[in-house]
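Chemist: Whatever this is, show me its structure:
(one chain, ligands or ions: 1)
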Amino acid sequence: MKFVPQLENMTPYVAGTPIEVVARRYGLERVIKLASNESPLPPFPEVLETITQKFHDLNRYPDSECRDLKTALAGRYGVAPEEIIIGNGSCELLIWLSLIMLEPGAEAVFSDPTFLVYEEVTRARGATPVKVPLKDFANDLDALAAAVTGKTRIVFLTNPHNPTGSYQPYSRVAKLAAKISENCLLVLDEAYNEYVEAPDSQDGLKLRREQPNIVMLRTFSKIYGLCGLRVGYGICSQEVMDAVDKVRQPFNVNMLAQAAALRSLGLEARLQERRARNRDGRRQLYDGLAALGVTNIPTQSNFMLVDVGELSVPADDVPEELMRRGVIVRPGRPLACPGYIRVSVGTEEENGIFLEQLADLKK
Ligand SMILES: Cc1ncc(COP(=O)(O)O)c(C=O)c1O
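Modeler: Residues are numbered from 1 along each chain as shown. Below is the predicted model of the structure:
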């Protein structure tokens with residue numbers, strides 16, 4: 001079969017192994033997954049009830065325009081519904097943005113390492129990825145700005161950064177934004193925004209208001225616990241939304257996802273509690289790792305990179321050894337962080353199990 005030539009430079013995205021697969025493979029009764037930066041908590045009970053009620057309407061297509069959800073998001077952020085795009089997860093929005101901006105000869109600038117999907121959508125369009133090394137495990141904003149050329153059509157920036165969890169103040173992001181021309185998009189991917197403790201955590205939105213070439217992405221996949229339904233959103237100029245609408249598939253966000261996201265927005269007050277639980281979980285992991293003499297990269301998110309270079313097994317074998325013991329984490333090497341594993345913050349019990357099993361590899 002002759003496929004488009006750009007596929008030759010691409011490899012499939014390898015997602016975290018599902019719990020059932022690991023349980024079956026190793027004959028385990030209890031498996032915990034700390035591999036995909038998911039919420040350890042289920043959707044809010046009211047959301048589950050809303051989803052159940054919607055089952056009866058599944059013979060109908062969903063609202064292709066996501067009108068109710070857009071109106072609710074517009075109200076929350078003080079923008080017009082025409083400034084919102086909604087996708088089957090924010091990953092889908094990355095595809096739509098690449099479709100409207102990238103083509104062979106165009107460049108997309110992003111950190112190395114970063115969220116793997118940026119490179120995937122860039123290469124799929126036959127465009128050229130321009131990868132900028134991290135500095136001290138964080139996005140190097142000056143170097144990213146320096147990498148922007150006349151050919152750059154998108155700069156992808158995740159803040160907090162994935163896979164390190166590091167965070168850059170928006171005063172610095174603003175300097176990068178100021179260097180990007182009006183014909184280039186700055187995609188400010190804030191998938192983990194709700195976990196950030198820094199006082200300027202909402203300043204990405206201010207930047208977006210000031211600069212129409214910024215698209216701010218957020219998702220219901222993380223703190224809301226809805227990644228299984230797939231719904232993410234972007235705040236952008238109406239011009240960008242109109243362009244996206246030309247390439248977007250109709251009915252791209254399913255009915256259950258729309259209803260669940262809408263109901264979740266009505267329960268925002270309870271996010272505080274989830275944020276606090278994540279903060280406690282982070283602290284539990286920091287303290288537990290320190291007690292083991294294992295270091296980690298400080299994080300503003302719901303995951304962290306853990307240095308596994310000094311255990312009794314080689315770093316590359318640690319994910320497999322932990323999996324055998326019923327703990328799924330993300331190997332660092334495929335994320336371009338050899339010597340590390342990426343661990344999501346779980347419940348208190350899950351964090352405890354992870355620390356216990358890691359201690360076993362210390363001996
Ligand atoms: C930086 C970043 N952006 C986007 C996403 C995708 O989120 P969604 O589930 O909304 O597609 C993730 C998921 O892990 C992520 O880490």
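
Chemist: Local confidence estimate at residue 14?
Modeler: Looking at residue 14, its pLDDT reads 83.

Chemist: Likewise for residue 268?
Modeler: The model's pLDDT for residue 268 equals 87.

Chemist: Distance-wise, check it relative to the ligand.
Modeler: To the ligand, residue 268 is 18 Å away according to Cβ to the nearest ligand atom, to the nearest Å. No exception for glycine: its C-beta is placed from N, CA and C like everyone else's.

Chemist: what does residue 73 give?
Modeler: Shown here: residue 73 relative to the ligand, a distance of 14 Å by Cβ to the nearest ligand atom.

Chemist: okay, now that residue: neighbour count?
Modeler: 22 (other Cβ atoms under 10 Å).

Chemist: what's the answer for residue 228, then?
Modeler: Residue 228: 12 surrounding residues under other Cβ under 10 Å.

Chemist: Please apply the same query to residue 321.
Modeler: Neighbours of residue 321 (other Cβ under 10 Å): 18.

Chemist: and after the helix or strand encompassing it, which helix or strand comes next?
Modeler: Element membership of residue 321 [criterion: DSSP states H and E] is helix 318-324. If you walk from helix 318-324 toward the C-terminus, the next helix or strand you reach (DSSP H and E) is strand 327-328.

Chemist: Report the buried residues of stretch 328-348.
Modeler: 328-332, 335, 337, 339-346 (16 or more other Cβ atoms under 10 Å).

Chemist: and stretch 328-348, how far from the chain's centre?
Modeler: 14 Å (Cα atoms, centre = their mean, to the nearest Å).

Chemist: And the pLDDT at residue 213?
Modeler: pLDDT, residue 213: 97.

Chemist: Just say helix, strand or coil for residue 154.
Modeler: Under DSSP: H, G, I helix; E, B strand; the rest coil, the three-state class of residue 154 is strand.

Chemist: Can you report how many residues neighbour residue 351?
Modeler: Around residue 351 there are 23 residues (other Cβ under 10 Å).

Chemist: Spatially nearest residue to it (excluding sequence neighbours)?
Modeler: residue 284 (4.9 Å; Cβ to Cβ, 6 or more residues apart in numbering).

Chemist: Contacts only, for the one you found.
Modeler: Counting by Cβ atoms under 8 Å, 6 or more residues apart in numbering, residue 284 touches 348, 351, 352, 355.

Chemist: Please identify the residues of the protein in proximity to the ligand?
Modeler: Those residues of the chain that sit near the ligand, judged by Cβ under 6 Å from any ligand atom, are 37, 89-91, 115, 158, 162, 189, 191, 219, 221, 227, 232.

Chemist: hmm, back to that, please flag which of the contacts of residue 284 sit within strands.
Modeler: Per DSSP state E, strands hold no members of those.

Chemist: if we take the residues you listed, which one ends up nearest to the ligand?
Modeler: residue 351 (19.4 Å; Cβ to the nearest ligand atom).

Chemist: Is it correct that the closest one is in contact with residue 283?
Modeler: No - the pair residue 351 / residue 283 is not scored as a contact, 9.7 Å apart, by Cβ atoms under 8 Å.

Chemist: Quickly note the distance from the residue of the stretch 1-150 of the chain found nearest the ligand to residue 191.
Modeler: At 2.7 Å from the ligand, residue 89 is the closest residue in the stretch 1-150 of the chain, using Cβ to the nearest ligand atom. Between residue 89 and residue 191 the distance is 10 Å, computed by Cβ to Cβ, to the nearest Å.
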